[in-house]
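Novice: need coordinates for the following:
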Amino acid sequence: MPLTQANRSSRESSWFWRGVRTLVGAAVLGLLVATVAPFARGAMPLLGLFEHFSAQLGAAALLGFIVTLLLGMRRWMVVALALIVWHGIALFPFLPSPAASEVAAAGAPPPLKVLSLNLWYMSEQRPETVSYLLGSGADVIGTVETTNEWRRDLEALQTVYPYHVDCVGKVFRCGVALFSKLPITDSFADRIDGKLPTVVWAKLEWQGVPITVAELQMINPLIGLREGFQMQQEATAAAYFKTLPGDLVVMGDFNSAPWSGLQQDFRAVSGLDNRGRLAFTWPTWAPAAFRLPIDQIFTRGGIAARNVRPGPAVGSDHLPLLGEITRTVP
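Specialist: Here you go, the predicted model:
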C-alpha cells in the first residue's frame, strides 16, 4: 500500500508539472505569435496594433525566459531569449539617455518648457485640468481633443498664456490648440491641403532666434488602420513638416509607439526625431506597466529635447507630456 500511494503521488506530480510546462510553452508561443503578427498587417490591418506593445511583450518574454530556465525547458527558453533580444533592439533607441535627462549647467539660458496634453472629450475633471495647466510652468502648451466646451474653460489660461492659436469651431473636427507665454509672430491652424491630420503651429521668438512649435493628433488607430488611413496621415504630416524651415518642435497624440513602422517613416521623411524620449502616457486607468507611449515630442534643427517625462493624472485618459527644449547650436 505505501508503494502504491507513492507511485500515485509521483504520477500526479508528473501530470501537474507536465501541465505547467504545457501552459508555459503555450504562453511563450503566444508571445511569439504576437511578435510576428504585425508582419501580416497587409492581410489583416488590425494585427499591426501588436507592434505598439513591444515593451509589454518584451517584459513578458523576460518573465517567460526566467520560468523556462527554472523548469529546464531549453527550447522554449531559447525562443523567449530571442524575443527579449527582438523587443530590446526595438526599444533601445528610445530609452532615455543621460544627455537627454541632464540638468542645465549653471549660467546656461533657461530651456523652453513645453507641455502636450490630450484633454479627452469625456473628461469630468475640467477645473482640475485647467488648474494644473495654469501652474505647470510650461512656456508653451499644446492640447488636442479641444472641444468648444473645453475652449471656453481654457479661456482661464489667458492670464498666464496671453497668446494662443487654434481652429476649434472653425475647421471640421479641429480639436488642436496652442497656448503661449511668448508672443506669436506667425501661425497656422487647419488641415493640410484639406487632409487630416489637423495641425496647429506657432512661430515664436526665443533667445533671439525663431522657433516653431506645432501640435497635432493622429486619428485613433482602430479607425485609422482601415485602408491604410493612419499611414496616409503620417505621410501627409511628414511631408508637410519637411517644408517648414528652421528649428521645429512637433508634439501631440500620435496614437502610435515610437518604434512603430509609422513613426519610423515619419522620422525618415520629416527629419524630426524623438529618440531617447520614452514616456508611457496612455491610458491613465491602467497600471503603469501596461501603458503605451503614444504621446510624443519631436525636434529638428539646432535644438534638442531633454527631461521628457509624463506628468500627473489630471482628469484625462492621457497623462500630460512635458519636456525642455535647449539649443544645441548657438
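
Novice: let me see the domain layout of the protein.
Specialist: Using automatic domain parsing, the domain ranges for the chain come out as 2-93, 97-327.

Novice: excluding chain neighbours, what is closest to Met192?
Specialist: I think there's a mix-up here, since residue 192 is Ile and not Met. Tyr240 (4.7 Å; CB to CB, 6 or more residues apart in numbering). For glycine as for every other residue, the C-beta is placed from the backbone atoms N, C-alpha and C.

Novice: and that neighbour, how far from Leu70?
Specialist: Using CB to CB, to the nearest Å, Tyr240 is found at 52 Å from Leu70.

Novice: neighbour-wise, which of these two wins?
Specialist: With other CB atoms under 10 Å as the criterion, Tyr240 and Leu70 differ in neighbour count, and Tyr240 comes out ahead with 20 against 10.

Novice: could you pull out the helices for the stretch 51-200 of the chain?
Specialist: For the stretch 51-200 of the chain, the helices defined by DSSP state H, counting those that start in this stretch occupy 54-71, 74-91, 98-101, 126-134, 148-153.

Novice: among these, which comes closest to Pro210?
Specialist: With distances scored as CB to CB, the stretch of the helices of the stretch 51-200 of the chain nearest to Pro210 is helix 98-101 (23.7 Å).

Novice: rank the helices of the stretch 51-200 of the chain by pLDDT, which is bottom?
Specialist: Set side by side, those differ in mean pLDDT, and helix 98-101 is lowest with a mean of 59.

Novice: how about the helices of the stretch 51-200 of the chain, which one is nearest Asn307?
Specialist: Taking the helices of the stretch 51-200 of the chain one by one with CB to CB, helix 98-101 is closest: 5.8 Å.

Novice: make sure Glu324 is indeed in a helix.
Specialist: No. Glu324: not assigned to a helix; according to DSSP: H, G, I helix; E, B strand; the rest coil it is strand.

Novice: any idea how far the nearest residue to it once chain neighbours are set aside lies from Phe298?
Specialist: Leaving aside its sequence neighbours, Glu324 sits nearest to Pro111 (CB to CB, 6+ apart; 3.7 Å). Distance of Pro111 to Phe298, computed by CB to CB: 16 Å.

Novice: I am finished for the moment; much appreciated.
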